[in-house]
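Participant: make a model of this:
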Amino acid sequence: MKKILFIQHKAPYGSESPSETLDVALVCAAFGQSVSLLFQGDGVWQLLPEQQGQALDRKTLIAQLGALPLYDIEQVYADAASLRDRGLSAEQLGLPVTLLESEALRELLAAQEAVLRI
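Facilitator: Residues are numbered from 1 along each chain as shown. Sure, this is the predicted structure:
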């Protein structure tokens with residue numbers, strides 16, 4: 001089983017990248033890979049519960065993220081500095097995440113066999 005970290009670093013609806021990255025992560029998990037997700041930079045906006053993707057004819061990402069446990073994706077992280085920089089806190093997010101400071105982020109990255117930032 002390969003350890004793969006997917007980094008979500010883009011705002012939820014500026015491009016198709018966040019949705020496509022999530023789709024690839026779910027496929028990898030469905031095929032038995034050990035998948036983790038890290039939300040960093042503008043990617044932390046994907047975690048807010050008030051999203052209205054249908055207004056833009058897009059899937060609502062937070063609803064898709066709710067399916068992570070069905071795919072055994074339980075390692076979901078957020079860059080604590082990215083949240084602070086955007087005036088957000090863990091209590092505002094639509095799903096539970098583990099907040100990581102810079103040293104813990106480095107350790108997470110070092111522990112992976114593959115890191116995908118699309």
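Participant: can you give me the end-to-end distance of stretch 110-118?
Facilitator: Taking Cα to Cα, to the nearest Å, stretch 110-118 runs 18 Å from one end to the other.
Participant: what sits up against that stretch?
Facilitator: For stretch 110-118, the surrounding residues in contact (Cβ atoms under 8 Å, 6 or more residues apart in numbering) are 2-7, 9, 17, 20-21, 24, 36, 109. For the C-beta atoms, the positions are set from N, CA and C on the backbone; glycine is no exception.
Participant: and the lengthiest helix in the chain, what does it pack against?
Facilitator: The longest helix of the chain (DSSP state H) is helix 17-30. With contacts taken as 3 or more Cβ pairs under 8 Å, 6 or more residues apart in numbering; DSSP states H and E, helix 17-30 sits against strand 3-8, strand 34-39, helix 61-65.
Participant: next, the buried residues of it.
Facilitator: Neighbour counts using 16 or more other Cβ atoms under 10 Å place 17-19, 21-22, 25-26, 28-29 of helix 17-30 among the buried residues.
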